[in-house]
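Undergrad: give the three-dimensional model of this entry:
(chains A and B)
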Amino acid sequence: MTSVDSGPALVSIQRQGPYLVASVHTALDDSEMVRFQHDLVERIGRDRARGVIIDVAALDVLDSFGSRTLRNIAEMARLRGAVTVIVGIQPDVAFAMVQLGMGTGSVATALDLEDGLRMLDLRVPRSGAIPVPGGDGPAVTGAL
Amino acid sequence: MTTYDTSTGHDKDDVDGGGRADGDPQQRPAEDDAAEGGEPLDGAGRAAAVDFAEPDGEGDMSSADSLQGGDEHTLLPHLVAHLREHRTKLRQEWAGRIGESHLLEAMTPQEMSAETTSVYDNYVEVLETGSVEALQHYARDLSERIIPRGVETHEVVGIVLLLRDVLARSLFEKYQGDFSLLNRVLDAYEPAANRIANTVAVSFVDERERVIRQQQDAIRELSTPVLPVRERLLILPIIGVLDNERARQLTEQLLVGIRTHRAKVVVIDITGAPEVDESVANHLVQTVDASRLMGASVIITGLSPEIAQTLVTIGVDLSKMNTIGDLQGGLEEAERLLGYTVSRSTQPQVL
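TA: Modelled structure (predicted):
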């Protein structure tokens, strides 16, 4: 795993108010995926983020390892105090994922960045308490 | 063909049509003979052919056969003249045979008469010119007219084969006195007749396939409309049997539609779908899941008892399926999810 932290990042993680927006620019191989997971979870703690949006609109394929890693990231983010929404899943990718039986588990999904931000606004409690997944969400969610 | 059609053809039709008694086969030889007598070309042709046949009268059949190639060019014009001469009688006999065989019953007697005349003339013309192009064109045109009426392939092939048989029999009667000549006449006639039957059948099937392709394209375009009814609300009415191909289209159009219209809620109404099989039902469930991955909720309405039973029997996980009884209820639920409240502000504008 020496190469994990080397080379240019293929995922940009930017701050947007209390949230982090992680845009995946290109298909990631397994070690790049692991590096992404590592970077993002670390940034959540550093930036004290309350929500995370992972934008996969640039991906035209998402394999089982990729979707499992995204699930893991969401789970780790929750443990670190942030709600995760995956946005921008392409139609073909969505159907392929379902056919291969690899959904996003309990992770929320939204159409695009705008919807994802709105979803976080609804889901992240203003009080600063630990968010409860599946709690007081909006009537309409993309959660599986 | 056309010149014949407009001049002698119709005159003869009228005269013969009145005098003829329902294609009595007994009368045919007498008529043929009389006609031959009055027809110098035909008479001469026969005499010439007989002369030609005489030298190998002593020879065996194989030597007669060997002459066929050279004969075709001389014999076919005589055949054509014969067929034109007896056009009305043969055409009526043919029409009678079609009626007996219960073919083309979708057509009225007037249409039958017009079409059989055209087919007959085209047929003779192909025998004369050896070119099937005009016939091809006519057959395609005819197919275009009769396919919507439900005419089947076997009927079209049937009538052409009947015509071939009627004409062959007429030739047989005419030349039965001279067996070797008859053989050579049939040698000239049969390949041409088979080519005609082939052309008509192929043209018909081609036309049919073109129509089928056209309809398939139309169905593909129309079968799964994705309709925006409110901002971020789509409905998909499904009418007709959902097979695997249509289910695949539905998924594709729905997922792309969600992206295009930025849909948040989708109502799929399957009131118009009589049944689904197991694989289609599974496909539907997967489509619902995939829609969710794209951030849209799916409401399914109008599940028939049969489909409900199928879904339960195959044991798909229905806990994630949001179903409402009918489309109206589905729309109301969708509006609720999207935060719309629809209320009546004034008296109705219609009575």
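Undergrad: before we move on, which element is the residue nearest to B:Leu303 when sequence neighbours are not counted in?
TA: Nearest non-adjacent residue to B:Leu303, counting by Cβ to Cβ, 6 or more residues apart in numbering or on different chains: B:Thr323, 5.8 Å away. The way it works is simple: take the backbone N, C-alpha and C, and place the C-beta from them, glycine included. According to DSSP states H and E, B:Thr323 maps onto strand B:322-324.
Undergrad: what's downstream of that strand, the next helix or strand?
TA: helix B:327-338.
Undergrad: which other helices and strands contact that next one?
TA: Using 3 or more Cβ pairs under 8 Å, 6 or more residues apart in numbering or on different chains; DSSP states H and E as the contact test, the elements touching helix B:327-338 are strand B:227-230, strand B:233-239, strand B:265-272, strand B:297-301, strand B:322-324.
Undergrad: next, the buried residues of it.
TA: With burial defined by 16 or more other Cβ atoms under 10 Å in any protein chain shown, the residues of helix B:327-338 counted as buried are B:Leu327, B:Gly330, B:Leu331, B:Glu333, B:Ala334, B:Glu335, B:Leu337, B:Leu338.
Undergrad: that helix versus strand B:233-239: what angle between them?
TA: Orientation of helix B:327-338 against strand B:233-239 (axes from the mean of the first three to the mean of the last three Cα atoms, to 10 degrees) gives an angle of 160 degrees.
Undergrad: now for residue 113, how many residues are close by?
TA: The chain I'm using is chain A. A count of nearby residues for A:Leu113, using other Cβ atoms under 10 Å in any protein chain shown, gives 17.
Undergrad: wait, chain B
TA: 16.
Undergrad: quick one: pLDDT of the nearest residue to it once chain neighbours are set aside?
TA: Spatial nearest neighbour of B:Ser113, excluding adjacent residues (Cβ to Cβ, 6+ apart): B:Ala95 at 7.0 Å. Looking at B:Ala95, its pLDDT reads 86.
Undergrad: settle this for me: B:Ala95 is touching B:Glu115, isn't it.
TA: No - using Cβ atoms under 8 Å, B:Ala95 is not in contact with B:Glu115; the gap is 9.8 Å.
Undergrad: which one's more surrounded, these two?
TA: Each of B:Ala95 and B:Glu115 has its neighbours counted (other Cβ under 10 Å); B:Ala95 has more, 23 against 18.
Undergrad: helix/strand/coil for that one?
TA: The three-state label for B:Ala95, taken from DSSP: H, G, I helix; E, B strand; the rest coil, comes out as helix.
Undergrad: so who does it touch?
TA: By Cβ atoms under 8 Å, 6 or more residues apart in numbering or on different chains, B:Ala95 lies in contact with B:Met112, B:Ser113, B:Thr116.
Undergrad: can you redo these as CSV with pLDDT?
TA: Converted to CSV, the contacts of B:Ala95 look like this (pLDDT from 0 to 100):
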residue, pLDDT
B:Met112, 82
B:Ser113, 84
B:Thr116, 84
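Undergrad: nearest to chain A among those residues?
TA: The shortest distance between chain A and any of those, using Cβ to the nearest Cβ, involves B:Met112 and amounts to 53.6 Å.
Undergrad: check which helix or strand covers the closest one.
TA: Assignment of secondary structure by DSSP H and E places B:Met112 within helix B:109-129.
Undergrad: who does the helix or strand following that helix touch, helix- and strand-wise?
TA: For helix B:109-129, the following helix or strand on the C-terminal side (DSSP H and E) is helix B:133-146. Here helix B:133-146 is seen to pack against helix B:109-129, helix B:179-222 when contacts are counted using 3+ Cβ pairs under 8 Å, 6+ apart.
Undergrad: alpha carbons only: can I get helix B:133-146 in CSV?
TA: What follows is the C-alpha trace of helix B:133-146 in CSV, where atoms were taken according to Å, rounded to 0.1, in the frame of the first residue of the first chain:
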residue,chain,number,x,y,z
GLU,B,133,-39.7,-5.6,-62.5
ALA,B,134,-43.2,-4.3,-63.3
LEU,B,135,-44.7,-7.3,-61.6
GLN,B,136,-42.5,-6.7,-58.6
HIS,B,137,-43.7,-3.2,-58.4
TYR,B,138,-47.3,-4.2,-58.8
ALA,B,139,-47.1,-6.9,-56.2
ARG,B,140,-45.6,-4.6,-53.7
ASP,B,141,-48.3,-2.1,-54.4
LEU,B,142,-51.0,-4.7,-54.2
SER,B,143,-49.5,-6.0,-50.9
GLU,B,144,-49.5,-2.5,-49.5
ARG,B,145,-53.3,-2.3,-50.2
ILE,B,146,-54.3,-5.8,-49.0
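Undergrad: how far is that helix from where the chain is centred?
TA: Shown here is helix B:133-146, whose average C-alpha point lies 11 Å from the average C-alpha point of the whole chain (Cα atoms, centre = their mean, to the nearest Å).
Undergrad: what comes up buried for that helix?
TA: B:Leu135, B:Gln136, B:Tyr138, B:Ala139, B:Arg140, B:Leu142, B:Ser143, B:Ile146.
Undergrad: right, and B:Leu331 touches B:Ile268 too?
TA: No - under the contact definition of Cβ under 8 Å, B:Leu331 does not touch B:Ile268, with a separation of 12.0 Å.
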